[in-house]
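Trainee: Provide a 3D model corresponding to the input given below.
(one chain, ligands or ions: 2)
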Amino acid sequence: MASSTQSNLPVIEFSMENLNPGTNSWSLTRTDVVRALEDYGCFIAVYDKVSLELHNAIFSASKELLDLPTETKVLNTSITPSHGYVGKEPVVPLYEGLGIENATTLEGAQTFTNLMWPSGNERFCETTLLFSKVLAELDQLVMRMVSQSYGVEKYYDLLLGSTSYLLRLIKYRGPQPGEKKLGIVPHTDKSFMSILHQRQVKGLEIKTKDGEWILVDPSPSSFVVMAGDACMAWTNGRIEPPSHRVIMCGEEDRYSLGLFTFIRDLTIQIPEELADAERPLQYEAFDHYKFIDFYYTDEGKRSKCAIKSYCGV
Ligand SMILES: O=C(O)CCC(=O)C(=O)O
Ligand SMILES: [Fe+2]
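Mentor: Numbering: from 1, shown residues only. Ligands and ions are numbered 1, 2, ... in the order given. Okay, the predicted model is just below:
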């Protein structure tokens with residue numbers, strides 16, 4: 001396994017005060033965002049809308065959830081593969097995660113909370129809802145910038161209306177001495193976009209196009225904004241999702257969170273403006289959730305690039 005280095009991913013400031021479309025700082029940030037996504041498939045957003053208080057609250061909520069008995073956690077099921085409870089898998093025994101579907105809606109947050117705590121848990125519900133909404137705003141800023149920069153903003157408005165958000169709350173048990181340290185196998189996300197956040201314990205590594213693994217430094221105000229496979233197809237290959245993995249460093253448990261976007265009930269069509277003689281159309285229109293189903297078939301799991309196998313031209 002190649003060793004990782006403590007090197008740098010692009011870091012981009014998102015301070016909401018000076019980020020209004022049309023301003024100079026908006027277009028400067030937009031240039032940085034698109035360059036980072038094209039070069040790395042991701043970047044570190046420094047985002048001041050998540051306060052230290054919210055950072056602490058969401059991780060205590062997450063710990064409270066993951067401390068529930070397994071027989072409660074397994075009630076978190078979904079018709080979409082890997083959107084519900086996943087844990088104690090033989091390949092990644094340290095990993096355990098739950099998923100809140102439609103996490104930016106009160107209904108989504110309440111349904112999940114009532115399933116886990118039939119007698120209620122108002123604080124958990126409020127915290128996860130607020131966190132998801134604040135991160136969804138970051139996702140929308142980023143996507144607005146990307147689509148503007150490619151001249152396809154009107155198509156993004158369509159996607160936005162059909163975007164659903166999945167919040168995953170994840171724990172990696174600290175490995176015992178002698179136990180394998182792999183927390184999650186190298187993969188690209190099947191989402192459109194992902195935003196990852198971690199508590200103080202390191203472990204997330206992201207692969208650059210040069211094949212170097214970069215270890216991501218945690219900080220309460222840092223978020224990894226990362227493209228998923230669906231974004232690569234939609235941008236006709238301009239933005240490629242980076243491979244990433246989790247390798248546990250010490251013996252301490254590690255907590256992380258991911259907000260993932262998926263396009264529901266809308267066929268994702270590659271904007272015609274993004275294909276020309278120089279860059280012919282690389283992907284047929286596709287249904288995001290059918291693509292996820294395909295990924296979890298034997299053929300999908302075997303394929304080197306599932307989205308290309310699924311709808312590549
Ligand atoms: O735990 C992390 O930091 C990464 C999680 C991840 O890559 C995923 O859930 O897809
Ligand atoms: Fe991932």
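
Trainee: where along this structure do the helices fall?
Mentor: 24-40, 52-66, 70-73, 106-116, 122-149, 153-161, 229-234, 288-295, 298-302, 306-311 (DSSP state H).

Trainee: restricting to C-alpha, output the last one in CSV.
Mentor: This points to helix 306-311. Written as CSV, here are the backbone C-alpha positions of helix 306-311 (Å, rounded to 0.1, in the frame of the first residue of the first chain):
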residue,chain,number,x,y,z
ALA,A,306,-19.1,1.8,-12.9
ILE,A,307,-20.6,5.0,-14.4
LYS,A,308,-18.7,4.4,-17.7
SER,A,309,-19.9,0.8,-17.8
TYR,A,310,-23.5,2.0,-17.0
CYS,A,311,-24.0,4.9,-19.4
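
Trainee: what comes up buried for it?
Mentor: Residues of helix 306-311 classed as buried under the neighbour-count rule (16 or more other C-beta atoms under 10 Å) are 306-308, 310-311. Glycine gets a C-beta too; all of them are placed from N, C-alpha and C.

Trainee: so does stretch 291-305 get close to ligand 1?
Mentor: No: using C-beta under 6 Å from any ligand atom, stretch 291-305 stays clear of ligand 1, coming no nearer than 12.5 Å.

Trainee: got the end-to-end distance for stretch 76-94?
Mentor: Taking C-alpha to C-alpha, to the nearest Å, stretch 76-94 runs 19 Å from one end to the other.

Trainee: residues in contact with that stretch?
Mentor: Outside of stretch 76-94, the residues within contact range by C-beta atoms under 8 Å, 6 or more residues apart in numbering are 70, 73-75, 95-99, 101, 112, 115-116, 166, 172-175, 179, 181-185, 248, 289, 292-293, 295-296.

Trainee: in stretch 126-135, which residues are buried?
Mentor: Along stretch 126-135, the positions that meet the burial threshold by neighbour count (16+ other C-beta under 10 Å) are 127-135.

Trainee: circling back to that earlier point, let me have the helices of the chain in CSV, adding mean pLDDT as columns.
Mentor: Compiled in CSV, these are given as follows (pLDDT from 0 to 100):
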stretch, mean pLDDT
helix 24-40, 96
helix 52-66, 98
helix 70-73, 98
helix 106-116, 98
helix 122-149, 98
helix 153-161, 97
helix 229-234, 98
helix 288-295, 98
helix 298-302, 95
helix 306-311, 98
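
Trainee: highest mean neighbour count out of those?
Mentor: When neighbours are counted by mean count of other C-beta atoms under 10 Å, the highest per-stretch mean among those falls to helix 229-234, a mean of 26.

Trainee: give the contact list for residue 138.
Mentor: Residues near residue 138 by C-beta under 8 Å, 6+ apart: 14, 45, 47, 49, 195, 223, 225.

Trainee: in the stretch 101-250 of the chain, what residue lies closest to ligand 1?
Mentor: With distances taken as C-beta to the nearest ligand atom, the stretch 101-250 of the chain approaches ligand 1 most closely at residue 204, which sits 3.8 Å away.

Trainee: beta partners of that residue?
Mentor: Bridge pairing for residue 204 (DSSP bridges) gives the partners residue 246.
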